[in-house]
Structures are given as C-alpha cells and as structure tokens.
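1. Sequence and predicted structure below; questions after.
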Amino acid sequence: MAEPQMSVTPYWELTFDADGDVDGRERDELLHGVAAREVSDLIVFAHGWNNDRSGATALYRRFFAPVPGLAPKARIGYVGVIWPSMRFCDEPIPDFPKSVVATEAEAVARPALDKDTRHALLETFPGRATVVDQIARMLDQRPENELEEFGRLVRLLVEVVPGGPQPLFAADTLAEGVPQSDPVLFTGDVTTLCDEFTQALANLRSDGAEAQFALPNPWDGAKELLRQATYYAMKRRAGTVGERGLGPVIGQLATRAPHVRVHLVGHSFGGRLVSFALSGLPDGVRTVKSVTLLQGAFSHYAFAARLPHDAHAGGVLQGQQNRIDGPLVCCYSRFDSALGTIYPLASRMANDCQGVAESLGLAQALGAKWGAMGHDGVQAVPGTRALKLAEALKATLPASGCVNVDAAAVVKRGGPPAGAHSDIVHPELARMVLAAGRIR
C-alpha cells in the first residue's frame, strides 16, 4: 500500500521484470485496493531511464504532489510502474537532490564509469560483471586500435537470450510486416560511430558557438556508444513490459473494477511502455481514458499507418490510439537534446539514409526520418492537433485522436548530453494529465 514518503494516497506500485512478468502480490493489492478505496480515476505513471526504485518513487512523489490540489473533488488513485531501466549518472535531472542524482561537477572528477553507473549496469544486465569491468577499464585507458573490441563488448552487454520475447518489441516501424533492422550502432564500424558521437557531443557542449579546432578522438564518443546501446536495450524492454505486462494488468483491472477510468502517463521510454500497453489490452477493454506522453523516447512515426518516406511501411502501433476512449497527448520540447540530436543519430538504419543525408544534411535527414515523439510530437497521423502548452491547458481537448503539445515553455532546463529530457516535474504538466483525462 502507500509508502510513507509518497505525496499522494492511495498509491500502489507495480513491478515488472525485463520480460514483462508482474509481481503478483503487488498486482493483487492493486486490484483489491482500487475497488476497496472507491477510486474513480487511476493515474498510472511509467518512468523512463532510471536507476532504482527509490529514484522512480522520488519522481512519482514530486510529479503527483500537486494533483490533489488541482482536482480536489476527484477520487484519484495513483500507480507507479517499476521496470528494469537505467540512467547514466552524469545526466543531471533538474531539481533532484544530490542524494538522488550526481551533479555535473561531481561527475567530472570521477572515472568514465563512476561507481553508481557501474552498479546500475550490473543491476540492469545481471551476469555481465566481467564485461562491465572490461568496458570500464577500456573507457579509462583508451587503448589504441581497440575500439572494435570495445564495440564487441558493448554489444555483448546488451544482447538478450535467444528465444525470449524482448527482440519482438525492438521495432518502432514495420516495412511490409518486417520489423526494422538493428540500428547502425549494432552493425556499423565502431570507429566511425564513435567519431559521429564525438562530433554530436561537441556540438551540444558548444551550444551552437564555434568550437575550437582540435583533432577528434573517437574515444570521446565511446561512452555515448555505450549509453545509446543500453538505452536501445531499455527501449526494447519498454515495449515488452507494456504489451506483455501492463496491458494485461489493465485488462484484469477492467474485469474487477470496470467503472475505474485509467489514465496512462509515461516519461521517455516509459512513454513507449504505456503506448505498447494499448497493444496488450484484451479485446473490448475501453477503460483507458487518456494517454499522456512526456518526452517520449520512441519514433514519432510509431502510430502512423504510412511513413512519408516509404509507402509500404508504417508504425508498429498504427491505429492503437483508437483503443483509447479519449485523447493521446504527446508533450514535446525542442530543448530535449537527448531526443533531438543523439536519439536520431543512434536510431538510424545501417546504410539507409546516406542519399538523404547528402542532400539535406545529416542532422536534418536523421531528425526527419528517425526523430522521436519527445522532440517534435506525433507525425504522419491525419487529424493530429497541434497546440502550445498554454493553449492546451485553456482549451477543451479533443475526445479522441492525437494531440501534440509544445511544452518547451517549461521543459527547457538541463545540460548535455540529455538537455531538458528529464525536466518534466512541473505543475503545468500535471495539469496536462488531468486535462487529457477530463479529471476534475
């Protein structure tokens, strides 16, 4: 039941493993408790990259805190989804206490992989301690002519057991029924990839100013290669947990408490998780009344029936927004450099965008083709509305369909490499969740 440090009540947690299996005791407590507490609206929040339960709970405590005051008459229940994800500890999160997140100054003085990040890697990829140690040592020593070996170790770290469900949930788009191939970071030349990450990071840190000339060292991009490989694994897990785990639990809740209105909220890869939960809903379940994506870290074409650059391809979630008995609201910000710059670079296909890049420029080509929800919103879905945050909070949102909300007015703080990706704890965004769900 509710933990002492939580800001709202009633509050439950649902814990899932990497294959989407739920903690049965927590699920049963939720199913029983929602009915016993006469909850009318249930807000279910899934975190994105995160290191442990305490970090996730801290996010939920702070985000949920203003909600009771914003909707004092509503009988709201709250769920925090806990799933095996991780965050690199050099990514500052605005306003989080130092005990939860290391500051940039602290990170600079540490090895390439500090103690907390190494621990997070070990927790997220159990049984790979030797691989993590080798990766950490190579990042510190930067041995010449060994980047290919580093790349091999990174790929070994994030690989999944053959025959498990996770590879089925890696794709955001389909080409004539065939999931997209692995991104180039799993197939390309490691030195070239690290060079590209090095340049992207230099551009972010210079903040558009002309950088001083220096010969690039591809090892400067090696940690980013590791970061993006682990985040690709988190993206894969998010889809698995959503469809195989959270979706069926919502279906069970609909059977036990059919009057309860469910509102799904997801940050970063948590946005992918709650979106894939729509695919996992049992047939006929219409209890999901809204979905709010906060800086969603998955393709902006995921809900599209057809891709602008490929008439034979579409998103893996095409049409799933129609399973919501209400709107799908996508909040995005141009200040999210994790999604605006690094994400499309890491997500592109091997040998798939060279011709486009030559004519449009690499950043523009990748951003248009492999961009993320949290950078420019839902794309290629007819009828999608577009609003500024202030407009969305004043307006009555559509009763169905997709709504893009430019949240850059509040989602704007954070340093490289992630930018404002985690700057989501704002009362305006809590109000957005309530508005999407028509919770009063």
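-> Arrived safely, thanks for sending.

2. So what's the residue count around residue 312?
-> Neighbour count for residue 312, taken as other C-beta atoms under 10 Å: 10. C-beta: built from backbone N, CA, C; applies to glycine.

3. Likewise for residue 196?
-> Neighbourhood size, residue 196 [other C-beta under 10 Å]: 22.

4. do the same with residue 221
-> By other C-beta under 10 Å, neighbour count at residue 221 equals 25.

5. Tell me the secondary structure at it.
-> Put simply, residue 221 is helix when judged by DSSP: H, G, I helix; E, B strand; the rest coil.

6. Nearest residue to it in space, ignoring adjacent ones along the chain?
-> residue 197 (3.1 Å; C-beta to C-beta, 6 or more residues apart in numbering).

7. Assess the claim that that neighbour and residue 226 are in contact.
-> No. Checked against C-beta atoms under 8 Å, the pair residue 197 and residue 226 is beyond contact range at 10.0 Å.

8. Between these two, which has more neighbouring residues?
-> Between residue 197 and residue 226, counted using other C-beta under 10 Å, residue 226 has the larger neighbour count: 28 against 25.

9. How about the helix or strand where that one lies, which residues are buried there?
-> Taking DSSP states H and E as the definition, residue 226 sits inside helix 222-240. Judged by neighbour count using 16 or more other C-beta atoms under 10 Å, the buried positions of helix 222-240 are 222-240.

10. residues contacting the residue positioned nearest the centre of the chain?
-> Nearest to the geometric centre of the chain sits residue 269, at 1.7 Å (C-alpha atoms, centre = their mean). Residues in contact with residue 269 (C-beta atoms under 8 Å, 6 or more residues apart in numbering) are 48, 49, 85, 231, 234, 235, 237, 238, 297, 298.

11. gap between the last one and residue 18?
-> By that I understand residue 298. Residue 298 is 17 Å from residue 18, where distance means C-beta to C-beta, to the nearest Å.

12. Of those two, which one has the most company?
-> Using other C-beta under 10 Å as the criterion, residue 298 and residue 18 rank with residue 298 on top: 28 against 22.

13. Report the secondary structure element holding the closest residue to that one other than its chain neighbours.
-> The shortest distance from residue 298 to any non-neighbouring residue, by C-beta to C-beta, 6+ apart, is to residue 272 (4.1 Å). Using DSSP H and E, residue 272 maps to helix 269-279.

14. got it, and residue 409?
-> Residue 409 belongs to no helix or strand, assigned by DSSP H and E.

15. Backbone dihedrals for it, both of them.
-> phi -60, psi -30 (degrees, to the nearest 10).

16. can I assume residue 171 is in contact with residue 316?
-> Yes. Contact criterion C-beta under 8 Å: residue 171 and residue 316 qualify, at 5.5 Å.

17. And these two? Which one has more around it.
-> Under the neighbour definition other C-beta under 10 Å, residue 171 and residue 316 were set side by side, and residue 316 has more, 24 against 20.

18. circling back: the helix holding residue 226 to helix 269-279, inter-axis angle?
-> 20 degrees (axes from the mean of the first three to the mean of the last three C-alpha atoms, to 10 degrees).

19. pLDDT averaged over helix 222-240, what's the number?
-> Across helix 222-240, pLDDT averages out at 91.

20. Return the list of helices and strands in contact with it.
-> Helix 222-240 sits against helix 115-124, helix 129-141, helix 147-158, helix 190-206, helix 269-279, helix 343-347, with contacts defined as 3 or more C-beta pairs under 8 Å, 6 or more residues apart in numbering; DSSP states H and E.

21. mind listing what the residue nearest to residue 404 when sequence neighbours are not counted touches?
-> In this structure, residue 404 finds its nearest non-sequential neighbour in residue 377, 3.2 Å apart by C-beta to C-beta, 6+ apart. By C-beta under 8 Å, 6+ apart, the residues touching residue 377 are 300, 330, 332, 384, 386, 404, 405, 406.

22. Can you tell me which one of those residues sits lowest on pLDDT?
-> For the contacts of residue 377, the weakest pLDDT value sits at residue 300, with 94.

23. which residue packs closest to that one, ignoring adjacent ones?
-> Spatial nearest neighbour of residue 300, chain neighbours left out: residue 379 (4.2 Å); criterion: C-beta to C-beta, 6+ apart.

24. again with residue 378
-> Distances taken as C-beta to C-beta, 6+ apart put residue 402 closest to residue 378, at 4.5 Å, once the chain neighbours are dropped.
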